[in-house]
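# need a structure here:
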Amino acid sequence: MKTRMILLALLLSTAAAAPAATSAPFAEPTTTVAAGGYMMIISRVSMGFNAQASIVTVSPDGKEQVKEIDFSRFSAKQMAANMTEVHKAAMAAVNQYTADGWRLVNVSPSDVISGGNTVFSQTIYYLEKK
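Next comes the predicted model:
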């Protein structure tokens, strides 16, 4: 039951974000945020019939930028290497923003959820700028 609830929450959050997603590269960090603000960097992977991965940046004004990560599925060894690439891309995004004055305030650990023949994994990095 708990797994189903988590899967439902993940699917709803992904579905809600899907219409606004673009495949544009990350924008350069900006220092024009008003007095304060929060942003999220979301590392997400789905493995199944259509394996895919992306890093999603949600800025303080709610705008999203999506960077697709190559995620081919040839072998277990390749899948493990691909997961490392996704984590490296997420860390590069976090480092890019922390260098511009953003501060990492929380990380929601990766959840692995199985829904039928598809497995989802997502890690969320929360950043703050005062």
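# measure residue 62 to residue 40 for me?
10 Å (Cβ to Cβ, to the nearest Å). Placement of C-beta: from N, CA and C, glycine included.
# and what of residue 85?
20 Å.
# give me the more crowded residue out of residue 62 and residue 40.
Counting neighbours by other Cβ atoms under 10 Å for residue 62 and for residue 40 shows that residue 40 has the greater number, 16 against 8.
# how about the closest residue to residue 60 other than its chain neighbours, what does it touch?
Among residues not flanking residue 60 along the chain, residue 37 sits closest, at 3.3 Å (Cβ to Cβ, 6 or more residues apart in numbering). Residue 37 sits next to 60, 128, 129 when contact means Cβ atoms under 8 Å, 6 or more residues apart in numbering.
# drop anything exposed from those.
Neighbour counting by 16 or more other Cβ atoms under 10 Å classes 60, 129 among the contacts of residue 37 as buried.
# any chance of the contacts of residue 37 in CSV, plus pLDDT and distance to residue 105?
Shown next, in CSV, are the contacts of residue 37 (pLDDT from 0 to 100; distance: Cβ to Cβ, whole Å):
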residue, pLDDT, distance to residue 105
60, 93, 13
128, 96, 5
129, 91, 10
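# let's see stretch 99-107 as CSV, backbone CA atoms only.
C-alpha atoms of stretch 99-107 as CSV (Å, rounded to 0.1, in the frame of the first residue of the first chain):
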residue,chain,number,x,y,z
ALA,A,99,28.7,28.7,-7.1
ASP,A,100,26.3,31.5,-7.8
GLY,A,101,25.2,31.9,-4.2
TRP,A,102,22.5,29.3,-3.8
ARG,A,103,22.7,27.1,-0.7
LEU,A,104,21.7,23.5,-0.7
VAL,A,105,19.2,23.1,2.2
ASN,A,106,17.8,19.6,1.8
VAL,A,107,18.0,16.5,-0.3
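# rounded mean pLDDT for that stretch, please.
Stretch 99-107 shows a mean pLDDT of 95.
# any idea how far it is from the chain center?
Centroid separation between stretch 99-107 and its chain, computed with Cα atoms, centre = their mean, to the nearest Å, is 15 Å.
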